[in-house]
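Participant: sequence? don't have it. structure:
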């Protein structure tokens, strides 16, 4: 079976125990029997579509690939421990997180913020969280809001400015949010 994937998905394919696959830079999947791609990727080839924004999504994607291809997953104990530190805080810490109001600009950030237990709002946020590519947006309303929030505006690296390894990328993003949002003004 010819399996193709993209650089963004490559490490998850490997962690799912798949040893024979081809990484395609250009999304030209012609000749593939199966492609493993991000959920938003358009393809006419039979596919496994995955999400890699949160630790939970990464683990679910690894499970989905492994189950479908009947492979044995690699061990990820260190990352599972990291994950539980971010999303399974003890009672008081979780209650404190729920009190922190966060406005987000991006679906991938929304998923992470929700996973960590912070409250999502549209108005009167304690913090504004945005992807790095929005810093140079032509939208003056967003620029003004970022500037107005000052130190309470938190920039998160997008895919192009983050590690390709999804678990390392997630850990970096969770660390940024943990360090910045848990310091409520």
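Facilitator: Now that the structure is in, tell me what you want to look at. Bear in mind that the values here come from a model prediction, so they are computed numbers and not experimental data. Numbers count the residues shown, from 1 in each chain.

Participant: going forward, measure contacts and count neighbours with C-alpha atoms only.
Facilitator: Noted.

Participant: roughly how far apart are the residue nearest to the spatial centre of the chain and residue 149?
Facilitator: In the chain, the residue lying closest to the centroid (Cα atoms, centre = their mean) is residue 53, at 1.6 Å. Separation of residue 53 from residue 149 (Cα to Cα, to the nearest Å): 25 Å.

Participant: sorry, back to before: the residue nearest to the centre of the chain reaches residue 112, doesn't it?
Facilitator: Yes: with contact defined as Cα atoms under 8 Å, residue 53 reaches residue 112; the gap is 6.7 Å.

Participant: circling back to that earlier point, and the residue nearest to the centre of the chain, helix, strand or coil?
Facilitator: Recorded secondary structure, residue 53: coil (DSSP: H, G, I helix; E, B strand; the rest coil).

Participant: disregarding residues adjacent in the polypeptide, which is nearest to it?
Facilitator: Closest residue to residue 53 apart from its sequence neighbours, by Cα to Cα, 6 or more residues apart in numbering: residue 108 at 5.7 Å.

Participant: after the helix or strand containing residue 129 comes which helix or strand?
Facilitator: Per DSSP states H and E, residue 129 falls inside strand 127-131. Once the chain leaves strand 127-131, the next helix or strand it forms, by DSSP H and E, is helix 140-149.

Participant: in that next one, which residues are buried?
Facilitator: By 16 or more other Cα atoms under 10 Å, the buried positions in helix 140-149 come out as 142, 146.

Participant: and the average pLDDT for it is what?
Facilitator: Averaged over helix 140-149, pLDDT sits at 91.

Participant: contacts for it?
Facilitator: Residues outside helix 140-149 that contact it (Cα atoms under 8 Å, 6 or more residues apart in numbering) are 127, 128, 134, 135, 136, 137, 153.

Participant: how does it look with 6 Å?
Facilitator: With contacts defined as Cα atoms under 6 Å, 6 or more residues apart in numbering, helix 140-149 is touched by residue 153.

Participant: measure residue 48 to residue 124 for me?
Facilitator: Distance, residue 48 to residue 124, by Cα to Cα: 39 Å.

Participant: which elements pack onto the strand or helix carrying the residue nearest to residue 53?
Facilitator: Counting by DSSP H and E, the element that carries residue 108 is helix 107-116. Helix 107-116 sits against no helix or strand, with contacts defined as 3 or more Cα pairs under 6 Å, 6 or more residues apart in numbering; DSSP states H and E.
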